[in-house]
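Asks: need a structure here:
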Amino acid sequence: MDAIPLLAINLALICGVFAGLWALAQISRDPSFVDAFWAFGAVLLAVSSFVLAGGWEPRKALITGLVLVWGLRLGTHLFLRWRREGADRRYEALLAAVRGKRSWSYARTTALFIFAPQAVLLWVMSLPAQLGQVAPDPGFTALAFIGAALAVFGIAFESLADLQLQRFKADARTAGRVMDTGLWSWSRHPNYFGEAATWWGIWLIAAETAPGLFAAIGPAFVTFTLVKWSGAPMLELGLHRSRPDYAAYVKRVSPFIPWPPKRS
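Replies: Modelled structure (predicted):
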């Protein structure tokens, strides 16, 4: 299957899935679980592309395998966190602000501000996993090996950061404190850095082919989202309000790329 039909089918597929998730949110009255299905959705698009695209099988298998490991690990982590911690305050604040300003129904607000945008943006993020599987060009170059190494590094880095934060939050002795140990002493958002590294690595594998080269918008969008839009900015806004010592942490620690902390 060529690139355009593949992208069209995948877009319809992910929109259908997110429409079903939107329907579930009308029952639960909590859309926070969508974060987990962002990761699971990337897996779905990679697997769909593996089945439908006619590219070189080893490249397809490598890309799909990396997305599977990344997405299943992260999706499970986020889903269990949602079950453990409950509704995400960022979504609650967004819904309250929009409904207060526009007087929209819960159904309309969640559809237009959460589920529909996330379906489309997930499809954009996953472009390397889709377009990277189209071309039949055989053989790996050094670019693919670099990309695979970067993706594996990113998955490991993000996983370790999530594990460290989970253990920190579970320890009653650290309640109310800022997480500033382990990877979090070198980056304020090491999990986000790992995610960006993962998708740039997958893109490098895809970039061995002409269609995959044009998928750079995917990791570029991921990086922008995590650094400048709905990732770090929204999270840090809440931390500045709830953690009095967070301002000092910001002065010491790199915002994104891991770097040795500054001396106090």
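
Asks: Helices of the protein, start to end?
Replies: With DSSP state H as the criterion, the chain has helices at 3-28, 34-52, 57-85, 89-102, 106-110, 116-125, 127-131, 142-170, 190-206, 210-213, 217-228, 232-242, 246-252.

Asks: starting at the chain centroid, how far to stretch 62-69?
Replies: Offset of stretch 62-69 from its chain centre (Cα atoms, centre = their mean, to the nearest Å): 14 Å.

Asks: Just the buried residues of that stretch, please?
Replies: Residues of stretch 62-69 classed as buried: 62-64, 66-69 (neighbour count, 16 or more other Cβ atoms under 10 Å). Where C-beta positions appear, they are placed from N, C-alpha and C, glycine not excepted.

Asks: Give me whichever of the helices of the chain is most buried.
Replies: The highest mean neighbour count among the helices of the chain, using mean count of other Cβ atoms under 10 Å, belongs to helix 127-131: a mean of 30.

Asks: From the contact counts, what lies against that one?
Replies: Judged by 3 or more Cβ pairs under 8 Å, 6 or more residues apart in numbering; DSSP states H and E, helix 127-131 is in contact with helix 3-28, helix 34-52, helix 57-85, helix 190-206, helix 210-213, helix 217-228.

Asks: could those helices go into JSON lines alongside distance to P117 and mean pLDDT?
Replies: Shown next, in JSON lines, are the helices and strands packed on helix 127-131 (distance: least, Cβ to Cβ, whole Å; pLDDT from 0 to 100):
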{"stretch": "helix 3-28", "distance to P117": "10", "mean pLDDT": "96"}
{"stretch": "helix 34-52", "distance to P117": "10", "mean pLDDT": "96"}
{"stretch": "helix 57-85", "distance to P117": "18", "mean pLDDT": "96"}
{"stretch": "helix 190-206", "distance to P117": "19", "mean pLDDT": "97"}
{"stretch": "helix 210-213", "distance to P117": "25", "mean pLDDT": "95"}
{"stretch": "helix 217-228", "distance to P117": "11", "mean pLDDT": "93"}
